[in-house]
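Novice: Here is my input; please provide its structure:
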Amino acid sequence: MNQVTNVAYRLAVVATFVLCSGVSLIQAQAQAPVQATPAPAVQAPAEAAKAPEAEENPFAPQPAQPLPAGMTGSDTNDPRFALKAGLYDAGEVASGMKHVAFVKKPDAFQITATSPDDPQVQKTLGQLGIGDTSKMPKPIQLVIAQLAFANSDFAFQGNHLFQGNFYGINIYDISDPAKTALLTSLVSPGGQGDVSVYKNLLFMSVEMPNGRLDCGAQGFPPEPPQPPPAPGEKRQRRIPAAQQDRFRGVRIFDISEIRNPKQVAAVQTCRGSHTHTLVVDPNDKDNVYIYVSGTSFVRQPEELAGCSGETPDKDPNTALFRIEVIKVPLAAPQEAKVVSSPRVFIDPRTGALNGLNNGGSHDKGAEKPADTNQCHDITVYSAIGLAAGACSGNGILLDIKDPVHPKRVDAVNDPNYSYWHSASFSNDGSKVVYTDEWGGGLGARCRPTDPNKWGADAIFNLKDDKLSLASYYKLPAAQGDTENCVAHNGSLVPVPGRDIEVQAWYQGGISVMDFTDAAHPYEIAYFDRGPIDPKTLVLGGDWSAYWYNGSIYGSEISRGLDVYELTPTKFLTQNEIDAAKTVKVSELNVQNQQKIEWPAQLVVAKAYVDQLARSQTLPAKRITALQKAISSAEKSHMNDKKVAKLKGMAPSLDASATTAKTPADSKRLTALADILKNPAA
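Specialist: Sure thing, here's the model as predicted:
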């Protein structure tokens, strides 16, 4: 999505409509934890009005264009293609996954209106800063009011799940995932509410211009109507009037009392915080760092000193073409502040700040190269000293050994990519998966005529700090005209011996992908619901899908929170699932990627044996012998004699590793041998 100007809203279609009105898009209410209450059913927005309103309604389904020459689309024979529509009664289908729990949004985080004339809608629009709705089609009024309560990203700590929302944060008890329950809600304005957690601190991104320092309910007065442009002139971009109480940046809460979070700091930034990344320096135990990615307009210097939205040739201190680094002292988080603003797009040869551009993009056929001046998301992998930045027109690679001063070491672009959105490393750091949010999240981009290289994942090999494209992966099932669908947030599933990612695709649902062979990724599991509405494209579906300590959690934008478990199929055995469940972490912020370590347990060994059987790396007799020896050791409760037999099998596995046909199988053989040499109980 291109830079939004008058609003800090990531949802491209809505932003396009609202930009010319000079409004913000998130309702503000006072910061106050509220207890869970039963949530009434939220109805789908009304059908788009007929012409002429439909011509102005960005939510009306757009006709699909023919596939470009040489491109292929998604599969219409897949059972996901024709599911029944509905909000809470949509059709569902799954493979390799089991849906174990669903929790609706709490009442305070949704609007129950079914008509744009409902006073709730008009009140919400007024609080969003929309003073004049006379020229706004009524279907859009209802949709925008509902978007004010969209669920966003996740963070995890212990038995708690933190779900961001454009309206605040909901905190859930997941001690029993199948009985996930809301603990408390923190109503705090400003969108998009991305969250991270570290010990007793909770961080929240705020980007939109209705956010207040005090999380107040009143927002700010609506901007006066903008006069129409003179004939032949374009409407000028207008930045909201400066407000001393406005907040755009990163909020920091103390969650020592989990049911009563307290804001202890609010670090302002020039473009606000669309997303942020928690960075833990292994050499610094006293501080954590926050990388801030801002994608919105630059505020006025009258509101925050030093802010400039000029191009580099007019102002070398422009707030564009950089990220921000916040240093947070753990003993005194109230002293958190911006300590650097790295110029990660600089041309090292000339010193030009605008050293990268998208090289041109797909779709309309006439999109010209544009300078990259923002990152949407940055994933850090401190264990290898690198970060992968998804930065609108480019994927970049950063050296973060000095976390305060990250330095770009590589950058790539791709004519099949529209908007570089997010990134994930493989556990061994040899691959990076970048996502392309073509359409900004509100477009139907998985139709049969949408190319499967657009709005997809691009899988890159990573060697010697250089990225090289290996392949693309896109949700294989076609989706309908009213389902916003494009690649979005995902995380690794810790199956040993394989690179597996679970990923959200908005109303395309959830897809689990194996990218062990970077050149040949494939789907191994999925879950999908039908569209929210059969006639109108309404924002919904999964924003994020993450694995955490044995379960998969989906942040459903319109509906609530889902919990899933993987189930065995020909692509994934029960042993592999059980081995993944041996990995436990105390915290998970997906963009602060942690290195996965597996215990030397026999269940992990059994997963490797299953993989070696699947790839036919070992003869059937050796597979059977390994399975019997492992089973015998387990049944004997690790009898010394049985364990000795396992140890005796290790040398031949090491020998086989040297002649394995693929690097993946060689690693599996070595890892299996290592477990058998010293198996844990």
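Novice: does Asp654 count as helix, strand or coil?
Specialist: With DSSP: H, G, I helix; E, B strand; the rest coil as the basis, Asp654 sits in helix.
Novice: Just list the residues touching it, thanks.
Specialist: Applying C-beta atoms under 8 Å, 6 or more residues apart in numbering, we find Asp654 in contact with Leu669, Thr670, Ala673. All C-beta spots, glycine's among them, are computed from the backbone N, C-alpha and C.
Novice: Find the nearest non-adjacent residue to the first one, please.
Specialist: With C-beta to C-beta, 6 or more residues apart in numbering as the criterion, Leu669 has its nearest non-adjacent residue at 3.8 Å, and that residue is Ala657.
Novice: Quick check: pLDDT value at the one you found.
Specialist: Looking at Ala657, its pLDDT stands at 97.
Novice: Val4 too?
Specialist: For Val4, the predicted pLDDT is 30.
Novice: do the same with Gly441
Specialist: Looking at Gly441, the pLDDT reads 88.
Novice: Out of the contacts of Asp654, who's the most crowded?
Specialist: Leu669 (26 neighbours; other C-beta atoms under 10 Å).
Novice: where along the stretch 551-681 of the chain do the helices fall?
Specialist: Assigned by DSSP state H, counting those that start in this stretch, the helices in the stretch 551-681 of the chain fall at 574-580, 602-614, 620-635, 640-657, 663-677.
Novice: Enumerate every residue touching Val264.
Specialist: Taking C-beta under 8 Å, 6+ apart, we find Val264 in contact with Ile252, Phe253, Asp254, Pro333, Gln334.
Novice: Using ChimeraX, make a named selection holding only the buried ones among these.
Specialist: Remark: buried members of the contacts of Val264, expressed as a ChimeraX selection using 16 or more other C-beta atoms under 10 Å:
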select :252,253,254,333
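Novice: phi, psi of the residue nearest to Asp377 when sequence neighbours are not counted?
Specialist: Excluding the flanking residues, the one nearest Asp377 by C-beta to C-beta, 6+ apart is Ser422, at 4.3 Å. Per-residue torsions, Ser422: phi -150, psi 170 (degrees, to the nearest 10).
Novice: For Ser422, give its distance to Gln300.
Specialist: The spacing between Ser422 and Gln300, counted by C-beta to C-beta, to the nearest Å, is 30 Å.
Novice: Which of these two has more residues huddled nearby?
Specialist: The neighbour count for Ser422 versus Gln300, taken as other C-beta under 10 Å, is higher for Ser422 (26 against 16).
Novice: Now for the chain, the helix or strand with the poorest mean pLDDT.
Specialist: The helix or strand of the chain with the poorest confidence is helix 12-19; it has a mean of 34 (mean pLDDT, DSSP states H and E).
Novice: Show me the strands in the stretch 251-400 of the chain, by range?
Specialist: Taking DSSP state E, counting those that start in this stretch, the strands of the stretch 251-400 of the chain run over residues 262-268, 275-279, 287-293, 324-329, 337-340, 377-381, 386-391, 394-399.
Novice: same deal with the stretch 451-600 of the chain?
Specialist: Using DSSP E, counting those that start in this stretch, strands in the stretch 451-600 of the chain cover 457-463, 466-473, 489-492, 500-504, 510-514, 522-529, 542-548, 551-556, 560-566, 587-588.
Novice: tilt between the fourth one and strand 466-473?
Specialist: An angle of 60 degrees separates the directions of strand 500-504 and strand 466-473 when computed by axes from the mean of the first three to the mean of the last three C-alpha atoms, to 10 degrees.
Novice: try the first one
Specialist: Computed by the same axes, to 10 degrees, the angle separating strand 457-463 from strand 466-473 equals 150 degrees.
Novice: List the strands paired with strand 457-463, with their directions.
Specialist: Paired neighbours of strand 457-463 in the sheet (DSSP bridges): strand 431-436 (antiparallel), strand 466-473 (antiparallel).
Novice: And for the shortest one, what's in contact with it?
Specialist: Read that as strand 431-436. For strand 431-436, using C-beta under 8 Å, 6+ apart, the contacting residues are 388, 390, 395, 397, 416-426, 454-462, 467, 470, 473, 486-490, 499, 501, 503, 515, 518.
Novice: excluding its backbone neighbours, what's nearest the residue minimising distance to the centre of the chain?
Specialist: Centroid check for the chain by C-alpha atoms, centre = their mean gives Asn489 as the closest residue, at 2.9 Å. The shortest distance from Asn489 to any non-neighbouring residue, by C-beta to C-beta, 6+ apart, is to Ser544 (4.0 Å).
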